[in-house]
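> need a structure here:
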Amino acid sequence: MEKLLSIAQEHADVETLIVLGAGLAAFTMMLVVWSTLIVRNPMTRRLQAVMAVRASLQADIARPKGHDARRLDEGALSVMSRVVKGLHLLKTSQTEKISSQLAQAGWRTRNGLIVFLFMKAVLPIILALGSLAFVSMTPLFAVPVVGQMVVGAIAAVVGFYAPDILTKNATQRRIQEIQKALPDALDLLVICAEAGLSLDAALTRVADEIGRSGPELADEFSLTAVELGFLPNRRDALENLMKRCPLPEIRGVVATLSQTEKYGTPLANALRVLSGEFRNNRMMRAEEKAARLPATLTVPLVLFVLPSLFVVLLGPAILRAIDGFSKM
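Okay, the predicted model is just below:
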């Protein structure tokens, strides 16, 4: 009787796992279909962020000097900001570096640094306690105490590095999108410069035109145009663009724009040369990816295609040979 109960419990555990896996797969498929059917306009959120930066710059200019250090402390009322201030995370030497990384990822809100530091401090504890509770309270996993501690340590390490990995991936995706949209944006910038528009007006017009095809670059051009109009030194706005977009192409554009601002050299000719060079570089990168494609497809071909092909071709012959040997 006890043996039958144990067998029934094992079957019940297997059925529970199958039901949970099927439910998770169905929920994931529903999320994928829902995300693909929704059409989002990326420019709405980005324009709101640019307007917020513009209002912040106006407030910085109008406010007397000496209040910048107390600005965050006076306005921080959320729970995250209180936790971060209580742990003195804003006073570390890595704060400026983290702010630069968040700006490169496109997260330039006032509380972006606070959210990042809060998640960096709290997420390891949450994941460690959650994994320990799940492993110890779930009857499906008979894990000893040492194994539970190892699982908790792994979860804590994952939680500690998760914000950095997320920021790095977002930065890489953003840089790739900016790199793809830059040649077309420079062509439009050449047209605007030849039409007689100023640099900030040309950047604003180009940002409006490429808002759908390249929202990341449109966001950067819009913010640079705003800073050109409000910062006392126009070169600072161009250097901020170079810091937010660590690309050789952006450095070349910033150097060209700085030269035209300083010496009054023709802007359209220099931008036309840069646009042609960047377009050639984009074509070379596409050809390089196409040349790497056969080598990239070798591993999936060997792992997934050739075994099934061997089964289809050699399977009947092997079965006939087994039948022949069995009759002998």
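
> give me the mean pLDDT for the strand or helix carrying K97.
Element membership for K97, per DSSP states H and E: helix 95-104. When pLDDT is averaged along helix 95-104, the result is 82.

> quick one: residues in contact with that helix.
The contact list for helix 95-104, computed with C-beta atoms under 8 Å, 6 or more residues apart in numbering, reads 89, 108, 112-113, 116-117, 167-168, 171, 174-175, 243-246. Backbone N, C-alpha and C define where each C-beta goes, glycine included.

> which residues of the stretch 101-250 of the chain fall in helices?
Secondary structure of the stretch 101-250 of the chain (DSSP state H, counting those that start in this stretch): helices at 112-137, 145-194, 199-209, 215-230, 234-244, 248-263.

> of all those, which one is nearest D323?
Among these, the nearest to D323 by C-beta to C-beta is helix 145-194 (49.0 Å).

> and the closest one, how far out from the chain middle?
A distance of 3 Å separates the centroid of the chain from that of helix 145-194, by C-alpha atoms, centre = their mean, to the nearest Å.

> before we move on, what about stretch 96-104?
That offset, for stretch 96-104, works out to 13 Å (C-alpha atoms, centre = their mean).

> could you export it as PDB, CA atoms only?
Once non-C-alpha atoms are left out, stretch 96-104 reads as follows in PDB (Å, rounded to 0.1, in the frame of the first residue of the first chain):
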ATOM      1  CA  GLU A  96      29.700  59.600 -11.800                       C
ATOM      2  CA  LYS A  97      30.700  56.500 -13.800                       C
ATOM      3  CA  ILE A  98      27.200  55.000 -13.200                       C
ATOM      4  CA  SER A  99      25.500  58.200 -14.300                       C
ATOM      5  CA  SER A 100      27.500  58.200 -17.500                       C
ATOM      6  CA  GLN A 101      26.600  54.600 -18.200                       C
ATOM      7  CA  LEU A 102      22.900  55.300 -17.600                       C
ATOM      8  CA  ALA A 103      23.100  58.200 -19.900                       C
ATOM      9  CA  GLN A 104      24.700  56.100 -22.600                       C
END
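
> list the buried ones in it?
For stretch 96-104, the neighbour count (16 or more other C-beta atoms under 10 Å) marks 98, 101-104 as buried.

> tally of neighbours for A193?
20 (other C-beta atoms under 10 Å).

> got a list of what it touches?
So A193 contacts 202, 267-268, 271 (C-beta under 8 Å, 6+ apart).

> just the buried ones from those residues?
Counted by 16+ other C-beta under 10 Å, the contacts of A193 give 202, 267, 271 as buried.

> mind putting the residues you listed in CSV, distance to S222 and pLDDT included?
CSV is the format used below for those (distance: C-beta to C-beta, whole Å; pLDDT from 0 to 100):
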residue, distance to S222, pLDDT
A202, 12, 86
L267, 19, 76
L271, 18, 79
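
> which of the residues you listed sits closest to L186?
When those are compared against L186 (criterion: C-beta to C-beta), the nearest one is L271, at 5.4 Å.

> any idea how far P163 is from V115?
9 Å (C-beta to C-beta, to the nearest Å).

> any idea how many residues pack against V151?
Count around V151 with other C-beta under 10 Å applied: 18.

> check the gap between it and L309 for me.
Distance from V151 to L309, by C-beta to C-beta: 41 Å.

> next one: A105
44 Å.

> quick one: which of the two has more around it?
A105 (21 against 11).

> wait, what's in contact with that one?
Contacts of A105 (C-beta under 8 Å, 6+ apart): 167, 170-171, 174.

> quick one: which of those residues is most hemmed in?
R174 (21 neighbours).

> picking up where we left off before, need the buried ones among the contacts of A193 in JSON lines (columns: distance to E277).
Shown next, in JSON lines, are the buried ones among the contacts of A193 (distance: C-beta to C-beta, whole Å):
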{"residue": "A202", "distance to E277": "20"}
{"residue": "L267", "distance to E277": "16"}
{"residue": "L271", "distance to E277": "11"}
